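> Provide a 3D model corresponding to the input given below.
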Amino acid sequence: MADPTQQKYKIIRKFDAGGMAEVFIADAVGAGGIIKRVAIKRILPSLVENKKFVAMFLDEARVATLLSHANIVQTFDVGESDNSFFIVMEFVDGASLKGIIDHLAERGALIPMGAAIKFVIEACKGLDYAHNAVDYRNKPLNIVHRDISPPNLLISVRGEVKVVDFGLAKAASQLEETDPGVVKGKFSYLCPEAIQGLVVDHRADIFSLGIILWELLTGKRLFYGENEYKTVQLVERCHIPAISQLNPHVPQVLDDIVYKALIKDRDLRFQHAADFADALTSFLFSAGLKATSQDIAALVREFKGQGTARTDGEANLADLLVEEELLAGFTIDDQASAADAVPVEAGEAIDTRGWVDDLGFDAPIPEPDSGTAAAAEKKEPSAPAPPPAYGAGPAEPPSLVTGPKTGLLKRLFGGGGKEGDKS
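As a prediction, the model looks like this:
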């Protein structure tokens with residue numbers, strides 16, 4: 001029997017290959033010679049025998065094929081060829097948000113405020129759809145992306161915003177279950193409840209989008225320590241400097257909206273991505289700001305016209321589809337020796353049960369009174385030193401003093417002193 005991928009898909013070239021998968025640009029050939037450009041992600045042959053990884057890969061496909069929305073990269077097909085599984089996805093001619101941010105940071109510039117808000121509104125639409133998606137029996141899928149970060153948000157040359165890669169998503173349809181307390185995602189964009197080992201829900205994605213908007217408006221990193229251990233501490237502490245003190249062009253009302261997405265107590269946050277989008281839309285109208293898809297598209301056109309190694313939109317998409325978005329989850333054996341610890345890379349799944357006790361802050365951080373309506377509006381004072389700009393060295397509030405690393409943190413990050421070892 002002929003290879004079905006050779007019958008249906010004509011491989012144009014290979015995008016890239018990571019430790020887990022390889023990505024190709026291809027043409028899907030239909031009846032009558034109809035051609036559609038697609039991206040194909042395939043498990044590396046060496047991993048086909050890894051049942052846990054294959055199950056996770058199929059989980060991603062199972063979730064993605066159920067989603068059809070303008071703000072989500074669509075999955076067209078799932079198949080098996082040459083004893084390996086592959087996913088056929090929409091090809092997005094454009095760039096990632098990370099590419100845009102890095103490009104502007106090199107020039108000391110920010111995404112215009114209106115365009116930044118419009119971008120997040122569009123991302124909210126895609127996430128709200130996913131959070132409320134149902135299957136063919138009208139049963140809720142309970143999808144949580146869990147890895148909302150700049151590399152996983154795409155912008156097309158037409159200004160379309162698309163959420164990509166539900167490889168870490170938690171959904172009711174998954175075969176591969178994630179144990180409670182296991183964290184998946186990039187440390188700098190995690191929510192406090194994930195660090196605490198709690199079961200995360202759709203409000204985790206809202207928090208991550210809040211981080212992104214905070215960073216777009218300030219040009220700085222919100223939670224960024226000199227190593228993963230300190231980054232995790234910053235997320236757990238959840239200190240949110242006022243945007244308006246870092247960027248005087250941001251009005252207080254917008255500052256308040258972003259802060260509501262970033263409240264540590266998730267019951268006080270926006271409860272739905274649509275609520276976050278509605279608040280941002282109301283701000284645009286009240287402030288008289290015009291922000292359209294054309295404003296976002298202009299950023300992509302500028303980015304793609306610079307002649308750098310990242311000007312090819314296809315290469316940017318490849319960055320999003322390989323390796324770290326495909327890392328398999330695991331649970332750490334607490335009884336194992338700390339001497340066997342392996343540095344943890346961003347994007348891996350971490351078992352955080354016990355982290356709260358291990359963090360060892362010298363003094364507790366006061367929390368807002370969750371029982372009052374004013375709690376959502378209460379803010380901590382700005383950090384004595386602002387967070388680092390994109391590409392700058394690490395910086396964190398001087399008041400963040402840690403105790404000795406013990407238990408799980410010692411096993412994850414090594415060492416026993418207060419400063420911790422870089423990994």
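
> Mind jotting down where the strands sit in the stretch 151-300 of the chain?
153-156, 161-163, 182-183 (DSSP state E, counting those that start in this stretch).

> now the nearest residue to Thr218 once chain neighbours are set aside: how far from Leu209?
The shortest distance from Thr218 to any non-neighbouring residue, by CB to CB, 6 or more residues apart in numbering, is to Leu246 (4.5 Å). All C-beta spots, glycine's among them, are computed from the backbone N, C-alpha and C. If you measure Leu246 against Leu209 using CB to CB, to the nearest Å, the figure is 19 Å.

> Compare those two (neighbour count), which wins?
Neighbour count, other CB atoms under 10 Å: between Leu246 and Leu209, Leu209 has more, with 29 against 18.

> who's in contact with that one?
Val120, Ala123, Cys124, Leu127, Ile148, Ala261, Ala273, Phe276 (CB atoms under 8 Å, 6 or more residues apart in numbering).

> could you say what helices and strands the helix or strand harbouring the second one packs with?
It stands for Ala123. According to DSSP states H and E, Ala123 maps onto helix 113-131. Here helix 113-131 touches strand 153-156, strand 161-163, helix 203-218, helix 273-287, helix 293-304, going by 3 or more CB pairs under 8 Å, 6 or more residues apart in numbering; DSSP states H and E.

> okay if I get the ones you listed as CSV plus mean pLDDT?
Putting those into CSV (pLDDT from 0 to 100) gives the following:
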stretch, mean pLDDT
strand 153-156, 92
strand 161-163, 94
helix 203-218, 96
helix 273-287, 96
helix 293-304, 90
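
> Nearest to Val63 among those would be which one?
Nearest to Val63 among the helices and strands packed on helix 113-131 is strand 161-163 (11.9 Å), distances taken as CB to CB.

> The closest one: which residues count as buried?
Val161, Lys162, Val163 (16 or more other CB atoms under 10 Å).

> Please apply the same query to stretch 283-295.
Neighbour-count burial for stretch 283-295 flags Phe283, Leu284, Leu289, Ala291, Ser293, Asp295 (criterion: 16+ other CB under 10 Å).

> do stretch 106-120 as well
Neighbour count says stretch 106-120 has Leu110, Ile111, Pro112, Met113, Gly114, Ala115, Ala116, Ile117, Lys118, Phe119, Val120 buried, by 16+ other CB under 10 Å.

> And for stretch 264-284?
Residues of stretch 264-284 classed as buried: 264, 266, 268-270, 272-277, 279-280, 283-284 (neighbour count, 16+ other CB under 10 Å).

> Same list, the strands of the stretch 151-300 of the chain, but as TSV with distance to Ile11 please.
Listed next are those as TSV, based on distance: least, CB to CB, whole Å:
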stretch	distance to Ile11
strand 153-156	22
strand 161-163	23
strand 182-183	36
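
> what's the closest of the buried residues of strand 161-163 to Ile143?
Distances from Ile143 to the buried residues of strand 161-163, taken by CB to CB, are shortest for Val163, at 10.9 Å.

> residues near the residue lying closest to that closest one once chain neighbours are set aside, how many?
Spatial nearest neighbour of Val163, chain neighbours left out: Gly126 (4.4 Å); criterion: CB to CB, 6+ apart. If you count neighbours by other CB under 10 Å, Gly126 ends up with 22.

> swap in Gly305?
9.

> Quick check: pLDDT value at it.
On pLDDT, Gly305 comes in at 78.

> Also the one 3 residues further on?
The confidence metric pLDDT takes the value 38 at Thr308.

> for the residue nearest to Phe270 when sequence neighbours are not counted, what are its contacts?
Leaving out its chain neighbours, the residue that sits closest to Phe270 by CB to CB, 6+ apart is Phe276, at 4.3 Å. Shown in contact with Phe276 (CB under 8 Å, 6+ apart): Val120, Cys124, Ile206, Leu209, Gly210, Ile257, Ala261, Phe270.

> nearest to Leu66, of those?
For the contacts of Phe276, the minimum distance to Leu66 (CB to CB) is 19.5 Å, reached by Cys124.
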